[in-house]
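Engineer: Kindly generate the corresponding structure for this input.
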Amino acid sequence: MLIGEADRDDAIAALARIDALHRALTQIVLEDGTLDNIAAEVARVLEMGVLVTSTDGRERAAAATIDHRVLLEEHDLVDPTGRIRVERLGGSRVPLPNSADPAHPAEARSLRVAAGGTDLARLIAVRLGGEISADDVHALERAAAVAALLITRHEAITAVENKYQGDFLRDLFLHRSGGPDYVAEHAATFGWDLDRPMVVLAAEIDPLPPEATPVSRLVRRQWQERFSAAWRQVTRGIGAGIPTVDFTSEVVTLLPVGSADDPGAVQAAVRRTVTAVAGDKGGGRRPFSVGVSRVALSLDDLPEAYAQARRAVEVGRRVHGSGSTTFFDQLGLHRLIALIPDNEELRSFAHDVLGPLAEATPEAADLRETLQVLLDTNFNVAEAARTQFFHYNTMRYRVSKLERLLGPLSSDPHLRLDVAVALRVLEITG
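Structural biologist: A predicted model of the protein is given here:
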């Protein structure tokens with residue numbers, strides 16, 4: 001009987017604690033609090049480490065000690081960029097051996113933060129030296145519900161802000177933003193610093209491969225929202241005043257660079273940023289491609305820089321495939337081709353020069369590959385044969401066939417130049 005009374009008292013105390021926590025969290029939301037406030041209150045009441053992350057594990061708020069973080073890292077639950085590997089936590093309890101106190105194993109748990117059937121975030125709880133009880137889980141579920149309310153409100157505000165920011169940036173790229181004073185005033189209202197050297201980054205989620213199962217427009221929009229949120233979070237970590245805007249199908253970032261005179265430093269800054277956004281590609285992240293402009297030294301340079309970034313991502317994906325980061329200045333001949341706006345004229349040139357080799361057939365593609373190898377080896381037939389693992393006579397036959405189709409390639413350098421350019425055009429235009 002006494003044991004029953006003790007259990008009843010414990011249950012009453014647990015319910016009272018959960019109810020008090022819920023009231024405190026509700027008050028935080030009513031007082032325009034933050035996810036950090038929610039994490040801190042849950043951590044204080046439940047005596048555990050608490051992190052709020054995006055659905056793919058990017059930390060948005062936390063109330064966790066060094067010991068909590070070390071424990072997660074020891075069990076490979078944090079990737080090199082700091083992302084929590086939420087896909088490994090799942091939704092169930094995860095016992096964690098505790099090297100600091102082997103007699104009392106720790107435990108981690110991940111809970112969905114959702115509203116209206118849509119995943120918004122993850123609530124990660126870590127307890128040192130003990131299990132997370134059912135009562136704790138109940139309290140965490142309430143905390144997740146309150147966090148969902150706050151996140152929903154924040155995302156509504158962000159959507160409105162992004163629309164105004166996107167409209168302003170588009171006007172800036174189209175020379176419709178007004179004079180310098182007007183631009184400076186509006187940039188200041190967004191917290192942007194545009195008075196420094198910058199490169200324009202245009203980032204796009206890569207298309208699904210042909211064999212993949214099609215997804216709905218809603219799912220694609222969720223991918224895009226998560227993608228743009230990742231870019232905003234990373235750029236906020238780099239420094240203040242960096243414009244990052246979702247243009248519906250792409251994310252555009254104006255990344256500050258120290259100097260236009262140090263290309264190596266510019267490339268390093270870009271690659272660090274892209275690596276931070278990509279992480280280890282876990283947690284449901286989508287692969288993406290990035291185009292990078294030349295350094296823009298003034299507002300007047302931004303429209304051309306945006307066009308360069310757009311062209312770089314288009315050409316880079318076609319030439320290098322998905323997941324590429326392409327710098328406009330490194331496009332080489334592709335850069336000159338990319339400056340020609342009329343794709344039909346480019347295709348016409350390629351078909352005039354290559355004839356049947358420009359067709360989209362396996363045989364034409366095979367001959368184009370051989371032709372490219374011959375150009376790369378300066379028509380050294382023996383070396384080209386070794387490169388393609390052909391017998392020498394087989395390569396001689398192919399050279400004869402190519403010359404019947406295209407002309408005296410082995411003896412006419414001007415024809416070889418036209419053919420080399422036409423092959424590059426096909427890479428861009430398809």
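
Engineer: G49 is in contact with V70, isn't it?
Structural biologist: No. With contact defined as Cβ atoms under 8 Å, G49 and V70 do not form a contacting pair (10.6 Å). Placement of C-beta: from N, CA and C, glycine included.

Engineer: The two: which has the busier surroundings?
Structural biologist: Using other Cβ atoms under 10 Å, the more surrounded residue of G49 and V70 is G49, with 25 against 13.

Engineer: got the residue ranges for the strands in the stretch 1-150 of the chain?
Structural biologist: In the stretch 1-150 of the chain, the segments counted as strands under DSSP state E, counting those that start in this stretch are 49-53, 59-63, 94-96, 106-115, 118-127.

Engineer: out of the ones you listed, deepest packed?
Structural biologist: strand 49-53 (a mean of 25; mean count of other Cβ atoms under 10 Å).

Engineer: What strand or helix carries E304?
Structural biologist: Per DSSP states H and E, E304 falls inside helix 302-320.

Engineer: so what strands line up beside the following helix or strand past that helix?
Structural biologist: Counting by DSSP H and E, the element after helix 302-320 in chain order, helix or strand, is strand 325-327. Next to strand 325-327 in the sheet, as set by DSSP bridges, lie strand 288-296 (parallel).

Engineer: CA atoms only: put the partner strand into PDB for me.
Structural biologist: Provided in PDB are the C-alpha atoms of strand 288-296 (Å, rounded to 0.1, in the frame of the first residue of the first chain):
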ATOM      1  CA  PHE A 288      23.000  20.700 -55.400                       C
ATOM      2  CA  SER A 289      25.100  22.600 -57.900                       C
ATOM      3  CA  VAL A 290      26.600  26.100 -57.500                       C
ATOM      4  CA  GLY A 291      27.700  28.800 -59.900                       C
ATOM      5  CA  VAL A 292      30.100  31.500 -58.800                       C
ATOM      6  CA  SER A 293      30.600  34.900 -60.500                       C
ATOM      7  CA  ARG A 294      33.600  37.100 -60.700                       C
ATOM      8  CA  VAL A 295      34.200  39.400 -57.800                       C
ATOM      9  CA  ALA A 296      31.700  42.400 -57.900                       C
END
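
Engineer: could you give the angle of it to helix 302-320?
Structural biologist: On the basis of axes from the mean of the first three to the mean of the last three Cα atoms, to 10 degrees, strand 288-296 is oriented at 140 degrees to helix 302-320.

Engineer: Rounded mean pLDDT for strand 288-296, please.
Structural biologist: Strand 288-296 shows a mean pLDDT of 94.

Engineer: what does stretch 396-409 give?
Structural biologist: pLDDT averaged over stretch 396-409 gives 90.

Engineer: cool, and stretch 362-382?
Structural biologist: Across stretch 362-382, pLDDT averages out at 89.

Engineer: for stretch 335-343, same thing?
Structural biologist: Averaged over stretch 335-343, pLDDT sits at 73.

Engineer: quick one, what contacts S324?
Structural biologist: Going by Cβ atoms under 8 Å, 6 or more residues apart in numbering, S324 touches S289, V290, G316, R317.

Engineer: Of those - the most surrounded one?
Structural biologist: Note: the member of the contacts of S324 with the most neighbours is V290, at 27 neighbours, neighbours being other Cβ under 10 Å.

Engineer: Which strand residues bridge that residue?
Structural biologist: Applying DSSP bridges to V290 yields these beta-bridge partners: A203, T325.

Engineer: Just list the residues touching it, thanks.
Structural biologist: By Cβ under 8 Å, 6+ apart, the residues touching V290 are L201, A202, A203, E204, V270, V274, V313, G316, S324, T325, T326.
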